[in-house]
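[1] model the structure of this input:
(chains A and B)
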Amino acid sequence: MTAIENLQLNAQGKLRHFLSIEGLNSDLLTEILDTAEPFADASEQNIKKFPLLRGKTIVNLFFENSTRTRATFELAATRLSADVLSMNIATSATSKGESLLDTIRNMEAMQVDMFVVRHSLSGAAHFIAQHTAPHINVINAGDGQHEHPTQAMLDMFTIRRVKKQFSGLRVAIVGDILHSRVARSQILALNMLGAEEIRVIAPKSLLPAQIEDLGVSVYHDMKAGLKNVDVIIMLRLQKERMNSAFLPSESEYFKCFGLSAEKLKIANKDAIVMHPGPINRGVEISSSVADGSQSVILQQVSNGIAVRMAVLTMTMNGNREAG
Amino acid sequence: MRIEIVNGHIIDPKNGIDQQGSLYIAEGKIVGIMQAPDGFSADTSINAQGYIVCPGFVDLSTRLREPGQSHKATMKSETKAAASAGFTSLCIPPDTIPVIDSPAIVELIEDKAEKCGYPHIYPIAALTQKLAGTELSAMHALKKAGCIAVSHAYHALQNLLVLRRAMEYAATYDLLLIYCPQEAALSNHGCAHEGAMASRYGLPGIPVAAETIALMQCMELIEQTGCRVHFRGLSCARSVDLIAKAKAAGLPVTADVAMHQLHLTDADMRPYDSYYHVQPPLRSKRDRDALLAGIQSGAIDSICSDHQPHDIDAKLGAFPETEPGISSLETMLPLMLRLVAQKILTLAQGIAKLSSEPARILGINAGGLALGNVADVCVFNANESWQINAETWQSRGQNTPFWQETMQGKVACTIQAGKIIYSAES
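    Numbering: from 1, shown residues only, chains lettered A, B, ... in the order given. Next up, the predicted model:
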């Protein structure tokens, strides 16, 4: 495919929709991180509310279940003084595009300003951005196995806060890369921001075809893969993967690809451990590591609010500048 | 009606004709070539100076969407589009609604075709009842009713025992099986070629093995049953190899490729543009190059439109949930001429891939301009440019990735059984 059309940028090159890391550049990614900093600082000092989006209506359209992402998007919007409506729209796999479009049209008719969309199909957020009214911003909160760009940006934010910079960093992403939209966004963002090396560690049954083309080195063994690594990102393993023959069992998976205290020692001493959540203790990560001193899993959650506040503000401004 | 087509460049690959001259038609047949029969006086004279005169095109898979899906297209709209694109014979796959599994449906289709003034419609019978893959269809009765072959269309045939028995039964009545090779479990509801593009965009992939395994299974059953099989819509390099080997071993097999597979690869897809959603999926450049080599070498016998007109809603949605298929009849001639311009085929070979070759696969008397042949003729201008847009497009389905592109090559006149069914001038 040719590069994603710059649906997400306005004529001045500013963010208008946030659909994918692909199509952006390191300046824009850095701008998101920089914009998030004061929000993160402020909430640490207990100043939580900003009047930046007063009078704006944001609709969370969740076609797929989510607790954490939806909650942090809701909090981000309310802390910016926007009005928020969250909708859980159950859909079957066979539901048609017209109903998706009808939902959007109905919401548009209620004079809303922004959609935050999660959907089980890759490309759903693009589809909505292409068909929605021009004044409405669209944020991708995860589409199928494609991208989850705000998750990747909160991860970048967390990494930058601890490691200060991306150059020279070796990052290992471990687990179900095949089904992970988080991994795709992370790989793109880390490459854009100049990380030294990105490794993926997984059994062959959980790796997409020709994943090297995204700019990663592939490992099938934790011992080799974790060596000299500064950041370890563990991915969630869905229980269904066992039934559909991707893996033999949880215990075998933990043995080979789970992160135990012992395996963590292989990485650099100051390596940090990340996980997009929710974690499966004893499947992809042991409790001692998840709750240990190198874990930044809960910082990721708090940072998620600040980064989402940054993205909401920037896209809404991108609209204003476009006139 | 007596028609003369004067001073055209006549190309009839089947009969080895490639020269300037005139063609004479009477009573639905070719009555003179180069030279008019004695006492011939034409009712209609077509000046073909600067035009190519060739056999009418034959298509092995054209979905007219009737009966059952007239919201997508109708037999009237699509036969009109076919005539305007130079086609004189169309095969209808059995996945209409209802399925072509009883003589009554065949009759219904033939009646409708006749009302559209388009007599050369060849229904393909379902291999199993309702295409459910469990009970055999009444193949003998369907053949007698006018079905030209049997097929399971894109429905998955999961039970090899059913396939074996269906092939044995089809072979009993010397029916051709038109087989779309795709193994359902390996395809796993995918919507794109399993490769770098699908990985990047998170699209569920269809591996090459989904096609080659189905192909190999079917070939083993050909060895055993002797059933004649035409493999419809190849997409992978490995498939071309397998077909070439099977032919060398003397198996009764033929194969085709959809025209779009010769021009597009997964790298050409615009992100999430559902017009590129086809089945089998657009594959890698390596696969495309092997398909081109396959039509050159003859391993692949013919090129098919795989015409699938859709309504707007069918293509409106997130990529994986949209319906696959391209509305393709009207781009067939220009895209064939692109292969000629790229020196993949000579003009005569290109014409053969669209006319005499599919006619040979079906065993019908079409695809040639010899004396006494049914007068199915296409007259086209190889140099005329036109843009694909709502004004020029005839098919009800506007779903083509070539929309708004400028095409070179336009049909001026189509004659079916001695009757002018399309003329650019009127």
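[2] excluding chain neighbours, what is closest to A:Gly144?
    A:Ser122 (3.3 Å; CB to CB, 6 or more residues apart in numbering or on different chains). In short, each C-beta sits where N, CA and C put it, glycine included.
[3] meant to ask about A:Phe39
    Spatial nearest neighbour of A:Phe39, chain neighbours left out: A:Ala306 (4.0 Å); criterion: CB to CB, 6+ apart.
[4] any idea of the mean pLDDT in the helix or strand harbouring that neighbour?
    Using DSSP states H and E, A:Ala306 sits within helix A:297-322. In this model, helix A:297-322 has a mean pLDDT of 90.
[5] please identify which helix or strand holds the residue nearest to B:His277 when sequence neighbours are not counted.
    With sequence-adjacent residues excluded and distances taken as CB to CB, 6+ apart, B:His277 is closest to B:Pro324, at 4.9 Å. Of the helices and strands defined by DSSP H and E, none includes B:Pro324.
[6] I'd assumed B:Pro280 was in contact with B:Pro324.
    No. Applying CB atoms under 8 Å, one finds B:Pro324 not in contact with B:Pro280, separated by 9.0 Å.
[7] higher neighbour count, the two?
    It is B:Pro280, of B:Pro324 and B:Pro280, that has more neighbours when counted by other CB atoms under 10 Å in any protein chain shown, with 26 against 19.
[8] run a quick neighbour tally on the residue of chain B found nearest chain A.
    Chain A sits closest to B:Gly317 of chain B, with a gap of 2.1 Å, by CB to the nearest CB. Applying other CB under 10 Å, we find 24 other residues in the vicinity of B:Gly317.
[9] equivalent analysis for the one 3 residues further on, please.
    The number of residues packed around B:Pro320, counting by other CB under 10 Å, is 23.
[10] SS state for B:Val6?
    Under DSSP: H, G, I helix; E, B strand; the rest coil, the three-state class of B:Val6 is strand.
[11] burial measure for it, as a count.
    The number of residues packed around B:Val6, counting by other CB under 10 Å, is 16.
[12] same question for B:His140.
    B:His140 has 14 neighbours, counted by other CB under 10 Å.
[13] centre of the chain versus the lowest-mean-pLDDT helix or strand in chain A, how much separation?
    Here the helix or strand of chain A ranked lowest by mean pLDDT, DSSP states H and E is helix A:240-243, holding a mean of 73. Distance, stretch centre to chain centre, for helix A:240-243: 23 Å (CA atoms, centre = their mean, to the nearest Å).
[14] what residues sit buried inside the next helix or strand after that helix?
    Scanning forward in sequence from helix A:240-243 by DSSP H and E, the next helix or strand is helix A:250-257. Judged by neighbour count using 16 or more other CB atoms under 10 Å in any protein chain shown, the buried positions of helix A:250-257 are A:250, A:253-254, A:257.
[15] how about residues contacting helix A:250-257?
    A:174-175, A:201-203, A:222, A:237, A:239, A:242, A:247, A:260, A:280, A:282-284, A:286 (CB atoms under 8 Å, 6 or more residues apart in numbering or on different chains).
[16] and of these, the nearest to chain B?
    Nearest to chain B among those is A:Ala202, at 13.0 Å by CB to the nearest CB.
[17] give me every residue that touches that closest one.
    Applying CB under 8 Å, 6+ apart, one finds that A:Ala202 lies in contact with A:174-178, A:220, A:257.
[18] could you list which of these belong to strands?
    Mapping the contacts of A:Ala202 onto strands (DSSP state E) picks out A:Val174.
[19] list buried members of the contacts of A:Ala202 by neighbour count.
    With burial judged by 16+ other CB under 10 Å, the buried subset of these is A:174-178, A:257.
[20] now B:Gly32, what are its backbone angles?
    The phi/psi pair for B:Gly32 (degrees, to the nearest 10) reads phi -160, psi 140.
[21] next one, pLDDT for the closest residue in space to it that isn't next to it in sequence please.
    Excluding the flanking residues, the one nearest B:Gly32 by CB to CB, 6+ apart is B:Tyr24, at 3.4 Å. Listed pLDDT for B:Tyr24 reads 97.
[22] partner strands of the helix or strand harbouring B:Tyr24 and their direction?
    In this structure, B:Tyr24 sits in strand B:17-26 according to DSSP H and E. The pairing partners recorded for strand B:17-26 under DSSP bridges are strand B:3-12 (antiparallel), strand B:29-33 (antiparallel).
[23] circling back to that earlier point, hmm, which of the contacts of helix A:250-257 is lowest in pLDDT?
    Comparing the contacts of helix A:250-257 by pLDDT, A:Met242 comes last, at 71.
[24] check contacts around it.
    Listed by CB under 8 Å, 6+ apart, the contact partners of A:Met242 are A:248-250.
[25] helix/strand/coil for residue 77?
    You didn't say which chain, so I picked chain A. Following three-state DSSP, the label given to A:Ala77 is helix.
[26] correct me, but it touches A:Arg54?
    No. Assessed by CB under 8 Å, A:Ala77 is found out of contact with A:Arg54, at 11.3 Å.
[27] which of those two has more neighbours?
    Of the pair A:Ala77 and A:Arg54, A:Ala77 is the one with more neighbours under other CB under 10 Å, namely 26 against 10.
[28] ok, the more buried one to A:Ser244 distance?
    36 Å (CB to CB, to the nearest Å).
[29] equivalent analysis for B:Ile11, please.
    Separation of B:Ile11 from A:Ser244 (CB to CB): 54 Å.
[30] what about the two, which has more around it?
    Legend: neighbour count by other CB under 10 Å for B:Ile11 and A:Ser244, higher for B:Ile11 (20 against 10).
[31] can you give me the strands for the stretch 51-200 of chain A?
    With DSSP state E, counting those that start in this stretch, the ranges of strands along the stretch 51-200 of chain A come out as A:57-62, A:83-88, A:114-119, A:137-143, A:170-174, A:197-201.
[32] distance between stretch A:209-229 and the chain's centre?
    20 Å.
[33] next one: stretch B:335-350
    The answer for stretch B:335-350 is 17 Å, by CA atoms, centre = their mean.
[34] could you dump that stretch to CSV, C-alpha only?
    C-alpha atoms of stretch B:335-350 as CSV (Å, rounded to 0.1, in the frame of the first residue of the first chain):
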residue,chain,number,x,y,z
LEU,B,335,-6.3,-3.7,-19.7
MET,B,336,-5.7,-6.5,-22.3
LEU,B,337,-4.3,-3.8,-24.6
ARG,B,338,-2.0,-2.6,-21.7
LEU,B,339,-0.5,-6.1,-21.7
VAL,B,340,0.1,-5.8,-25.4
ALA,B,341,1.7,-2.4,-24.9
GLN,B,342,3.9,-3.9,-22.2
LYS,B,343,4.9,-6.6,-24.7
ILE,B,344,3.6,-9.4,-22.5
LEU,B,345,1.3,-10.6,-25.2
THR,B,346,0.9,-9.9,-28.9
LEU,B,347,-2.4,-8.4,-29.9
ALA,B,348,-3.5,-11.8,-31.4
GLN,B,349,-2.5,-13.6,-28.2
GLY,B,350,-4.4,-11.0,-26.1
